[in-house]
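[1] Provided below are the primary sequence and the corresponding predicted coordinates.
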Amino acid sequence: MATARKSARRKGEATTIDEVARLAGVSPMTVSRVVNGKVHVRESTRERVMRAVKQLGYTPNLAASSLAAAQTTRIALVYTNPSEGYLRQLLVGALRGSARAAVQLVVDAWDEVDPEAEREAARVLARSVAGVILPPPLCESPTVVAELVEAGVPVVAIASGREESDISRVRVDDFLASREITRHLIALGHRQFGFIQGHPNQTASARRFEGFRAALEEAGIGLEPAWVQPGEFTYRSGLKAAEKLLGRKHRPSAIFASNDDMAAAAISVAHRRGLDVPRDLSVVGFDDTSAATNVWPELTTVRQPIAAMADTAVDILMRGIRRQDATPVDKVLAHTLVKRGSVAKPPAG
């Protein structure tokens, strides 16, 4: 009798969209796109969803669909090891955008996660959110992006220079911004430059170096290989690079660090060596995070509108989710050269 009652109860229960999503390994939003015949879903994902629909005998409930659409949508911002200033601005922008769009923002940290763990984390995340925002360096992880796209989850990358056909991105033009701030130093008379690179796993690092080098070539200025030092966008890597640049008998008159954390470290090393900034050495950074104004003198830098980029990323994500249009968008926001006290004409001689 108990078995009969259990069978009867199961028979009367309708399969839910969440059950289909779990079986197919995708988000409920992806199941909705497939059963409603929407485009911009990979064929392999569509086939997987339809197999789950058939296996479970799922029939869409229009009333339930309307109710689900009215409920709060969950989107995720996933980060790993950004600078504190960068993360703070990311959160401000993402919270502002999600509040305006009336969506729930899930913030997740994937620090010290290896590629295989990233793959599994992306699979799990895809089942619980309708869209994902990826700042660097995760936005350039082929593993993470591929898993989310395969699951049919819309993705917006922040500050990625990599051209992706499957995801949207919000960025500044790192090449133009870097060239502009280098031209500013050249206009003041600098001819001897040190450069601290960013992390090699981010395309922004390469683009900033390319812009710097292009400005030097335009002015007919050579670049000494020993004056280009590796960095990782961290304060500690900036200290190490600056020690090598300033520990030489023949040192540059200006240092361009690929972000503000490393530029602040360069100023610290200069002070420790008895150099006056900017009388003996000019230093510039990139991003205009809180690190730019927490040092003395305050940094001349490129303002990357990080909060506005995160806000815009939410807007792009929600337009795609609510209109069920996953056409990738490439949004370039304006940068600003911010002139402060860390730059002056080079010292005589």
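    Arrived safely, thanks for sending. Not measured: the values here are computed from a predicted model.
[2] may I see the buried residues of stretch 132-149?
    For stretch 132-149, the neighbour count (16 or more other C-beta atoms under 10 Å) marks 132-141, 143-145, 147-149 as buried. Where you see a C-beta, it was placed from the backbone N, CA and C, and this is true even at glycine.
[3] what mean pLDDT does that stretch get?
    Averaging pLDDT along stretch 132-149 gives 91.
[4] now swap in stretch 56-70 and tell me
    Rounded mean pLDDT across stretch 56-70 is 57.
[5] out of the buried residues of stretch 132-149, which comes closest to Ile267?
    Within those, the smallest distance to Ile267 is 23.8 Å, found for Pro136 (C-beta to C-beta).
[6] all helices of the stretch 101-250 of the chain, in order?
    115-126, 142-150, 174-187, 203-218, 235-246 (DSSP state H, counting those that start in this stretch).
[7] could I get the ones you listed as TSV with distance to Leu91?
    Listed next are these as TSV, based on distance: least, C-beta to C-beta, whole Å:
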stretch	distance to Leu91
helix 115-126	18
helix 142-150	20
helix 174-187	22
helix 203-218	20
helix 235-246	20
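[8] pLDDT below threshold where in the chain?
    Within the chain, the stretches with pLDDT under 70 are 1-13, 36-40, 60-72, 82, 164, 324-326, 349.
[9] domains for this structure, by residue range?
    2-67, 72-172+306-334, 174-304 (automatic domain parsing).
[10] go through these and name the closest to Pro347.
    Per C-beta to C-beta, nearest to Pro347 of those: domain 174-304, 5.7 Å.
[11] ok, back up a step: need the domains of the chain in JSON lines (columns: distance to Arg340).
    Listed next are the domains of the chain as JSON lines, based on distance: least, C-beta to C-beta, whole Å:
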{"stretch": "domain 2-67", "distance to Arg340": "45"}
{"stretch": "domain 72-172+306-334", "distance to Arg340": "15"}
{"stretch": "domain 174-304", "distance to Arg340": "4"}
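[12] for the host helix or strand of Val314, what is the distance to the chain centroid?
    Using DSSP states H and E, Val314 maps to helix 306-323. Chain-centre distance of helix 306-323: 13 Å, with C-alpha atoms, centre = their mean, to the nearest Å.
[13] go through that helix and flag the buried ones.
    Buried, per 16+ other C-beta under 10 Å, within helix 306-323: 306-318, 320-321.
[14] which residue, other than its chain neighbours, is closest to the spatially most central residue of the chain?
    In the chain, the residue lying closest to the centroid (C-alpha atoms, centre = their mean) is Pro135, at 1.7 Å. Ranked by C-beta to C-beta, 6 or more residues apart in numbering and with sequence neighbours excluded, the top spatial neighbour of Pro135 is Ile158, at 4.4 Å.
[15] hmm, Leu138 and that neighbour touching each other?
    No. In this structure Ile158 lies outside contact range of Leu138 using C-beta atoms under 8 Å: 9.6 Å.
[16] OK, contacts around Gln89?
    289, 306-307, 310 (C-beta atoms under 8 Å, 6 or more residues apart in numbering).
[17] okay, now the residue nearest to Val269 when sequence neighbours are not counted: neighbour count?
    Excluding the flanking residues, the one nearest Val269 by C-beta to C-beta, 6+ apart is Ala242, at 3.9 Å. Residues near Ala242, counting by other C-beta atoms under 10 Å, number 29.
[18] does Ala242 touch Arg251 like I think?
    No. With contacts defined as C-beta under 8 Å, Ala242 does not count as touching Arg251, sitting 10.2 Å away.
[19] before we move on, back to that, burial check on the residue nearest to Pro135, number of neighbours?
    For Ile158, the neighbour count with other C-beta under 10 Å is 23.
[20] same question, Thr182
    Around Thr182 there are 26 residues (other C-beta under 10 Å).
[21] what does Leu281 give?
    28.
[22] same question, the one 10 residues further on
    Residues contacting Ala291 under the criterion other C-beta under 10 Å number 24.
[23] can you check Ala14 too?
    Using other C-beta under 10 Å: Ala14 sits among 10 other residues.
[24] can you give me the distance of it to Thr59?
    7 Å (C-beta to C-beta, to the nearest Å).
[25] what is the nearest of the buried residues of helix 306-323 to Val343?
    For the buried residues of helix 306-323, the nearest to Val343 is Ile306 (22.1 Å; C-beta to C-beta).
[26] just checking, that closest one touches Gly93?
    Yes. Using C-beta under 8 Å, Ile306 is in contact with Gly93, at 6.7 Å.
[27] quick one: the strands in the stretch 1-150 of the chain?
    Taking DSSP state E, counting those that start in this stretch to define them, one finds strands in the stretch 1-150 of the chain at 74-79, 104-109, 131-134.
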